[in-house]
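Engineer: I would like the atomic coordinates for the input below:
(one chain, ligands or ions: 2)
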Amino acid sequence: MGKYILGIETSCDETAAAVVRDGREVISNVIYTQIPTHTLYGGVVPEIASREHVLKINQVIKKALADAKLDWKDLDAIAVTYGPGLVGPLLIGVSTAKALAYAKGIPLVGVNHIEGHICANYLMEKNESDNSEAVAPPYMCLVASGGHSHIVRVDDFTKYTIIGRTHDDAAGEAFDKVARAIGLGYPGGPKVDKLAREGNPEAIQFPRASVGDSPYDFSFSGIKSAVLNYLNGAEMKGQEVNKADVAASFQQAVIDVLADHTIKAALDHGMKTVALAGGVAANSLLRETMKERAEAKGLRFHCPELIYCTDNGAMIASAGFFEYEEGRRADLYLNAIPNLKIGER
Ligand code: KG4
Ligand code: ZN
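Structural biologist: Numbers count the residues shown, from 1 in each chain. Ligands and ions are numbered 1, 2, ... in the order given. Alright, predicted model coming up:
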């Protein structure tokens with residue numbers, strides 16, 4: 001039979017719901033992305049995001065249940081992202097989940113969005129019987145998204161220790177800002193990823209910054225400023241800029257730091273596996289580089305399928321399942337916490 005969890009995600013610009021069995025098997029996965037709307041403004045407009053979530057959430061949840069061929073009575077719990085994220089968008093998901101849990105008499109579980117990204121590593125397609133690839137703690141996970149860049153030691157399915165963090169911009173934020181500076185628009189990550197394939201990653205030497213006394217921490221504002229200075233310098237001298245070279249060199253600098261710090265953290269902590277999570281985990285060069293460098297050190301490498309890297313409901317359902325199994329329940333006072341920390345309950 002197994003346990004069926006409905007996961008609801010509205011923390012930023014995706015309205016998403018999914019049904020996952022036993023934290024791993026994706027039964028349905030519905031994502032309504034607002035990217036085309038926010039592209040008009042060059043970034044996510046929180047008020048518009050909230051309104052779009054209100055318009056779409058009921059349809060998205062209905063479709064997740066219909067695609068799963070399940071009824072409300074088949075669900076063991078409803079899991080919902082309650083932070084971190086944009087407060088308005090979070091509140092739409094939280095209040096919808098509370099209303100449904102109350103009306104249908106189904107247990108409610110609050111999920112941390114970042115922990116959800118990590119749990120995307122457990123997801124598998126329906127009927128995927130070969131479980132040999134299944135990832136289980138402990139492992140070292142790089143979580144890199146638009147708002148967060150952390151190296152997290154995953155001690156257990158619900159236990160996390162932060163090993164490294166960014167001191168300024170998140171990795172995805174740096175991708176988005178550099179993309180804007182070279183005229184690629186929003187969302188920057190996938191566009192830089194694509195353009196970089198046509199460029200030379202060694203054309204320009206951007207800094208690989210380390211910070212303070214922690215070998216696992218990040219700083220991306222230096223790389224971002226170096227790119228902006230390079231572009232300004234070229235403009236002042238009237239020089240033509242090769243955008244593909246800028247994209248490739250910037251991307252290489254960011255990925256060198258992300259990969260090297262994560263692998264060092266894994267080795268220093270005696271981990272045998274490294275994993276990726278978050279929107280930036282969709283980056284093709286990051287996936288290749290991590291795999292190569294991890295395997296060269298005898299580490300096993302894992303990353304979620306592309307569709308589970310960016311925001312989705314399945315990862316929330318997975319994280320919700322493991323919380324549910326621990327007996328954790330939210331009540332109807334559950335509130336959105338925009339700056340919720342990893343491991344905070
Ligand atoms: O996890 P996510 O969907 O939302 C947040 O929780 O922030 O991550 C979105 C971020 C954006 O900054 C986006 O530019 C970045 O992930 N991203 C990428 C790629 N796809 C998405 N960055 C680099 N390469 C990609 N292919
Ligand atoms: Zn996210």
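Engineer: State the pLDDT value of the residue nearest to Gln205 when sequence neighbours are not counted.
Structural biologist: Distance criterion CB to CB, 6 or more residues apart in numbering; nearest residue to Gln205, sequence neighbours excluded, is Ser249 at 7.4 Å. From N, CA and C alone the C-beta is placed, and that goes for glycine too. At Ser249, the pLDDT value in this model is 98.
Engineer: how about the strands of this protein, start to end?
Structural biologist: For the chain, applying DSSP state E gives strands covering 4-9, 14-21, 25-33, 77-83, 108-112, 124-125, 139-144, 149-156, 159-165, 273-277, 300-302.
Engineer: Contact partners for the closest residue to His261 other than its chain neighbours?
Structural biologist: Ranked by CB to CB, 6+ apart and with sequence neighbours excluded, the top spatial neighbour of His261 is Tyr216, at 5.2 Å. Going by CB atoms under 8 Å, 6 or more residues apart in numbering, Tyr216 touches 151, 163-164, 261, 264-265.
Engineer: ranking those residues by neighbours, who comes first?
Structural biologist: Counting neighbours by other CB atoms under 10 Å, Ile151 leads the contacts of Tyr216 with 28 neighbours.
Engineer: contact partners of the lowest-mean-pLDDT helix or strand in the chain?
Structural biologist: Across the helices and strands of the chain, mean pLDDT, DSSP states H and E gives its lowest value to strand 124-125, namely a mean of 88. With contacts defined as CB under 8 Å, 6+ apart, strand 124-125 is touched by 24-26, 131, 133-134, 305.
Engineer: 7 Å instead, please
Structural biologist: Defining contact as CB atoms under 7 Å, 6 or more residues apart in numbering, one finds that strand 124-125 is touched by 24-26.
Engineer: Check stretch 31-39 too.
Structural biologist: Stretch 31-39 is contacted by residues 13-16, 44-45, 48-49, 52, 56, 60, 185-187, 312 when judged by CB under 7 Å, 6+ apart.
Engineer: Over it, what's the mean pLDDT, rounded is fine.
Structural biologist: Stretch 31-39 comes out at a mean pLDDT of 94.
Engineer: wait, does it make contact with ligand 1?
Structural biologist: No. Judged by CB under 6 Å from any ligand atom, stretch 31-39 and ligand 1 are separated, with a smallest distance of 9.3 Å.
Engineer: What residues of that stretch count as buried?
Structural biologist: 31-32, 34, 38 (16 or more other CB atoms under 10 Å).
Engineer: what's the spacing between Phe175 and Ala281?
Structural biologist: Distance of Phe175 to Ala281, given as CB to CB, to the nearest Å: 12 Å.
Engineer: where do the contact lists of the two overlap?
Structural biologist: Joint contacts of Phe175 and Ala281 (CB under 7 Å, 6+ apart) do not exist.
Engineer: low pLDDT regions in the chain?
Structural biologist: For the chain, residues meeting the criterion pLDDT under 70 lie at 126-132.
Engineer: wait, what's in contact with the residue positioned nearest the centre of it?
Structural biologist: Residue closest to the mean C-alpha point of the chain, counted by CA atoms, centre = their mean, is Gly278 at 2.1 Å. For Gly278, the contact set (CB under 7 Å, 6+ apart) comprises 117, 143-145, 148, 309.
Engineer: same thing but at 6 Å, please
Structural biologist: Contact analysis of Gly278 by CB atoms under 6 Å, 6 or more residues apart in numbering lists 117, 143-145.
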